[in-house]
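S.K.: Below: sequence and its predicted model.
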Amino acid sequence: MSINNADHIRREVNKLFIELFELKEEQLTPESHLFNDLGLDSLDAIDMAIRFKRDFNVQATNDDFKQIQTLGDIYAMIERYAPSLTKIAT
Amino acid sequence: MTMPRVVITGVGIMSPLAHHYEGLLEGLRAGRSGIRLMPSWAEPSLGLRTRVGAPVTEFVEHQIDRKLRRNMSRIAMLAMCASEQAIADSRLPPEALHSERTGVSYGSSFGGTSTIEELFASAQRSGVLSQGIGSSTFLKMMPHTCAANIAISFQIPGRILASCVACASGTQAVGYGYESIKLGVVDQVICGGAEELTPSVAAIFDVLGATSIGTPDNTPRPFDATRDGIAVGEGAGSFVLERMDLALARGARIYGEICGFYTNNDASHMTNPSVEGLAQCMRGALKAAHLDASAIDYINAHAAGTIAGDRAESLAIEKVFGSQTPVSSMKGHLGHLMGAAGAIETAACLGMLADQRLYPTLNFQSAGLDEGHIAHVTPGGAAIPLRTLIKNSFAFGGVNASLIIQKM
């Protein structure tokens, strides 16, 4: 995984969070806890998973999503599924 | 056992005429119309005949917190905004609002029709039905979306009632709220009705030949011999109902007392109203209020501007009240706001009680020969001593609902 692709993933994930959850860029750090810091809840998590699958073809399992606590966990998960990140790859 | 009396202590309005109660009354007093030309309905892919609707304009959805808004279609947003106004207007103390002695009774014809349309569009685009479904799709579509969203937005833990009886939903929801207090199961109810305007709702009534193909300057024309159908619209009307003794004890402003409610079914035809069914509904409300027909000073009709509906209602009114009691419909001003109609028209009734003046039926000129002989409020309105009124709502499915309201 190149640094450039990691940056690209961050940008794309952050863009999605700003659109879906009406957050500001400065709130989005790798340490940001999805529930405690960003105020998301279980319904938001479902919408997030739907969009990862739909926009980026991320075929993560429910167990993968259950492990996620911070935005950094999401970047890492997306990187693990990088081969199927068609939108990012293009 | 003496049953508690029930009063209205708060009103909130989101309507095609205004986004608040006073604005609604100003519009009605001035004879303004909320009917608009709907240019987007000319799009050929919609296949619509009608071009007139009654939208709530300049509504800013983003004023609602994201986490609440996420679970709302437009209908629930309108209902929430109207309820917020009503609760503030009532000055109901927070400890009462957040108590299990407060419930929600809210009506609508559908849940979020725009959400259903979006789901169809997404399935059409992607070829996969589940593609457009998100975590909140059901929460926006469900028939009790208004009641549930109001309860959650304002943290109201008592009972939830959701009346889904098409155009009688708002009136029935207020009636069920009233009955809940009478039964002693709650002391306060946030109640009312809402609807959102989408092309699919217009199309449903278009296909039935019930929509107007007129222009905003002269349609709809309830009770008029030349009436040509309804103009569908949207909005929300909310009320705070309270046990009268509690409202008096806290010095609340009282708009009026609900003293009778009845709802029934024609049990004959889904769309052709039964004169006897409508008459029986009004008689039932009178009986519930322990009043004789002669006690009613004014009848606020459902009359939406359809040939069959207005005729049946005028005949039923003549049967129960004779030809002297004044009658008018607010749908010339407001259009047919479906699940919101009964609630917003009830708010108009409260305005008339306060003004001691009847608002006329906008666009009405003269009745047809085969109509019931009733006393239409003449253009310009009429100043009368107004103490007791009946408010009717009738709906597809043969559902009828009537409320009786008295000035305190």
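M.R.: Good, I have the coordinates.
S.K.: Show me which residues of chain B are close to chain A?
M.R.: B:66-67, B:70-71, B:131, B:134-136 (C-beta under 8 Å from any C-beta of the partner chain). In short, each C-beta sits where N, CA and C put it, glycine included.
S.K.: And the next helix or strand past the helix or strand hosting B:S238?
M.R.: Taking DSSP states H and E as the criterion, the element that holds B:S238 is strand B:235-243. Note on strand B:235-243: by DSSP H and E, the next helix or strand toward the C-terminus is helix B:244-249.
S.K.: All the helices of chain A, residue numbers only.
M.R.: Using DSSP state H, the helices of chain A run over A:3-21, A:42-56, A:62-67, A:71-80, A:86-89.
S.K.: actually the stretch 51-200 of chain B, not the one I typed
M.R.: Shown for the stretch 51-200 of chain B, the helices assigned by DSSP state H, counting those that start in this stretch span residues B:66-69, B:74-90, B:94-97, B:113-126, B:137-141, B:145-153, B:169-182, B:199-207.
S.K.: Quick check: buried residues in the first one?
M.R.: By neighbour count with 16 or more other C-beta atoms under 10 Å in any protein chain shown, helix B:66-69 contains the buried residues B:67, B:69.
S.K.: got the CA positions of it in PDB?
M.R.: Written as PDB, here are the backbone C-alpha positions of helix B:66-69 (Å, rounded to 0.1, in the frame of the first residue of the first chain):
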ATOM      1  CA  ARG B  66     -29.100  15.700  12.100                       C
ATOM      2  CA  LYS B  67     -29.700  12.700  14.300                       C
ATOM      3  CA  LEU B  68     -33.400  13.500  14.500                       C
ATOM      4  CA  ARG B  69     -33.700  14.500  10.900                       C
END
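S.K.: Tell me the helices and strands packed up against it.
M.R.: Here helix B:66-69 touches helix B:145-153, going by 3 or more C-beta pairs under 8 Å, 6 or more residues apart in numbering or on different chains; DSSP states H and E.
S.K.: Please spell out which residues along the helix it packs on are buried.
M.R.: Neighbour-count burial for helix B:145-153, counted by 16+ other C-beta under 10 Å, picks out B:145-151, B:153.
S.K.: Put together TSV for those, with pLDDT on each row.
M.R.: As requested, the buried residues of helix B:145-153 are arranged in TSV below (pLDDT from 0 to 100):
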residue	pLDDT
B:T145	98
B:C146	98
B:A147	98
B:A148	98
B:N149	98
B:I150	98
B:A151	98
B:S153	98
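S.K.: any low-confidence regions in chain A?
M.R.: When residues are selected by pLDDT under 70, those of chain A lie in A:1-4, A:82-90.
S.K.: Quick check: residues of it near chain B?
M.R.: Taking C-beta under 8 Å from any C-beta, the part of chain A that reaches chain B is made up of A:21-22, A:39, A:41, A:43-44, A:46-47, A:50, A:54.
S.K.: and the two most separated of those?
M.R.: Greatest spatial distance among the residues of chain A next to chain B (C-beta to C-beta): A:G39 and A:R54, at 23.0 Å.
S.K.: Can you tell me which of the buried residues of helix B:145-153 is closest to B:G235?
M.R.: Using C-beta to C-beta, B:C146 is the member of the buried residues of helix B:145-153 that sits closest to B:G235, with 12.0 Å.
S.K.: Show the contacting residues for the closest residue to that closest one other than its chain neighbours.
M.R.: Taking C-beta to C-beta, 6 or more residues apart in numbering or on different chains, and ignoring the residues beside it in sequence, B:C146 has B:A79 as its nearest neighbour in space, at 3.9 Å. With contacts defined as C-beta atoms under 8 Å, 6 or more residues apart in numbering or on different chains, B:A79 is in contact with B:106, B:108, B:146, B:149-150, B:192, B:194, B:236, B:238.
S.K.: show me the contacts for B:L386.
M.R.: B:297-298, B:352-353, B:356-358, B:407.
S.K.: Surely it is in a helix?
M.R.: No - under the criterion used here (DSSP: H, G, I helix; E, B strand; the rest coil), B:L386 is coil, not part of a helix.
S.K.: Would you quantify the distance from B:G229 to chain A?
M.R.: Taken as C-beta to the nearest C-beta, to the nearest Å, the spacing of B:G229 relative to chain A amounts to 41 Å.
S.K.: Okay then, goodbye and thanks.
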